[in-house]
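Peer 1: Fold the following and give me the result.
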Amino acid sequence: ENKKEVNIWLPINEWGKRSRTSFEKIICKLLNINDAKNHFFQWKIIKEEDWLTSWKKYWSPELVGNNFLILPCWINLNEKFKNKQILKIDPGAAFGTGSHPSTYLCLERMESMLLSQKKVLDIGCGSGILSIAAKLLGAKEVCAVDNDYLAVNSTNSNFQLNFGNLKKLNTYLGSFNEVIIKNQLKNFDFVLCNILAEVIKEMIPNIYKCLSNNGEVIFSGILNSQKDEIIKILIQNDLKLMDVSTRKDWACIS
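Peer 2: Here you go, the predicted model:
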C-alpha cells in the first residue's frame, strides 16, 4: 500500500539503453536504492499518436448555468439541447473550454446580466468563449484583448465558427494597459476578466479608464484564498462590490 509510481516520458531517439541505465543509477543514488535491477524501473515504448487531436475523445458537450451548452465543434448537437444557447468551441492552443470553474463562474454570472445592446470588453480572451457568450446574449459590440497571438487567433476563429463572420468583434494583441491607451478603448458597459489574480491586482487601479459610469466588471480566475485581498483592492479603488460566487476552489467577483 506504500507503493508510489512516477511516469516519465522521454524521446526515444535521445534516450538509448546507455542513457537509460545511467538515469536509473542517478535515481538509485538519490533514493538510496541498492538493488534496483528489475525492481524499480520499467521501460516501455509508446507508439506515436496524433497528440494534437487525441485529447478530443475526452471532451464532451457541457451544460453551464441555465442556458449555455458548450459544444466541441467536432460533435453534432443532440436534439435535446436545441433550445440552449450553443457555444461552439475548438480550443486549439488557447485556454477556455468552459469546463474550468473560473470560466464556468463567468458564464453563469453573465446569464444574470442585461447585455442586450451593450458594449463589452473581454480581457484575456483565450479561446474567445466569453466574447461569443456576450454576442449570444445580445451585445452590440465586443472587444477582445489578449497578450498571446494564439489566443487572439483562436478567438477570431471560434467567433467565425459560431456566427459565420467577425462583425461586432474587434480583437487586440497586447497587455490590458497598453491596448486601452493605444486604441482609446473606453465607455464599456461590461468588462469580463478571466485571468490570474496577480494580473488582476495590477489592472484594478486602471480599470476605470475603460468603464462607463455605471459599468460592471466580472473578475474570475481567482482562488478562494486570494478573494479577500482582491476585494480589499477593489474597495480601495472606489469599486462597489456587487456579487461573489464560488465553485470548487475558485471565486468570481462582480
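Peer 1: Please give the centre-to-centre distance between stretch 26-41 and its chain.
Peer 2: Centroid displacement of stretch 26-41 relative to its chain, using C-alpha atoms, centre = their mean, to the nearest Å, is 40 Å.
Peer 1: isn't Ser127 right up against Lys88?
Peer 2: No: using C-beta atoms under 8 Å, Ser127 makes no contact with Lys88, being 10.8 Å away. C-betas here are computed from N, CA, C, even on glycine.
Peer 1: Looking at those two, which is more packed in?
Peer 2: Higher neighbour count among Ser127 and Lys88: Ser127, with 26 against 18, using other C-beta atoms under 10 Å.
Peer 1: about what we covered before: need the residues touching each of Ser127 and Lys88.
Peer 2: Taking C-beta atoms under 8 Å, 6 or more residues apart in numbering as the criterion, Ser127 and Lys88 both touch Asn158.
Peer 1: Check the average confidence over stretch 100-109, would you?
Peer 2: The predicted model assigns stretch 100-109 a mean pLDDT of 94.
Peer 1: Other residues contacting it?
Peer 2: Applying C-beta under 8 Å, 6+ apart, the contact partners of stretch 100-109 are 64-65, 68, 96-98, 129-130, 133, 192, 194, 218, 220-222, 243, 245-252, 254.
Peer 1: If we use 6 Å, what do you get?
Peer 2: Residues outside stretch 100-109 that contact it (C-beta atoms under 6 Å, 6 or more residues apart in numbering) are 64-65, 68, 96, 130, 133, 194, 218, 220-221, 245, 247-248, 250, 252.
Peer 1: got it, and stretch 154-164?
Peer 2: Here stretch 154-164 makes contact (C-beta under 6 Å, 6+ apart) with 73, 88-89, 92, 94, 125, 127-128, 131-132, 144, 166, 169, 171.
Peer 1: Select from those every entry located in strands.
Peer 2: 88-89, 144, 169, 171 (DSSP state E).
Peer 1: Can you flag the buried ones in the residues you listed?
Peer 2: 88-89, 144, 169, 171 (16 or more other C-beta atoms under 10 Å).
Peer 1: does Ile253 have beta-bridge partners, and which?
Peer 2: Phe219, Val244 (DSSP bridges).
Peer 1: Please tell me how far it sits from Gln226.
Peer 2: Going from Ile253 to Gln226 by C-beta to C-beta, to the nearest Å gives 10 Å.
Peer 1: cool, Ala151 as well?
Peer 2: 23 Å.
Peer 1: ok, now Lys88?
Peer 2: 32 Å.
Peer 1: for Glu48, same thing?
Peer 2: In this view, Glu48 and Gln226 are 41 Å apart by C-beta to C-beta.
Peer 1: Which stretches in this structure count as helices?
Peer 2: According to DSSP state H, the chain carries its helices in the segments 17-30, 51-54, 101-111, 129-136, 149-163, 176-182, 197-203, 227-236.
Peer 1: Stretch 202-209 spans what distance, first to last residue?
Peer 2: This stretch, stretch 202-209, spans 14 Å end to end (C-alpha to C-alpha, to the nearest Å).
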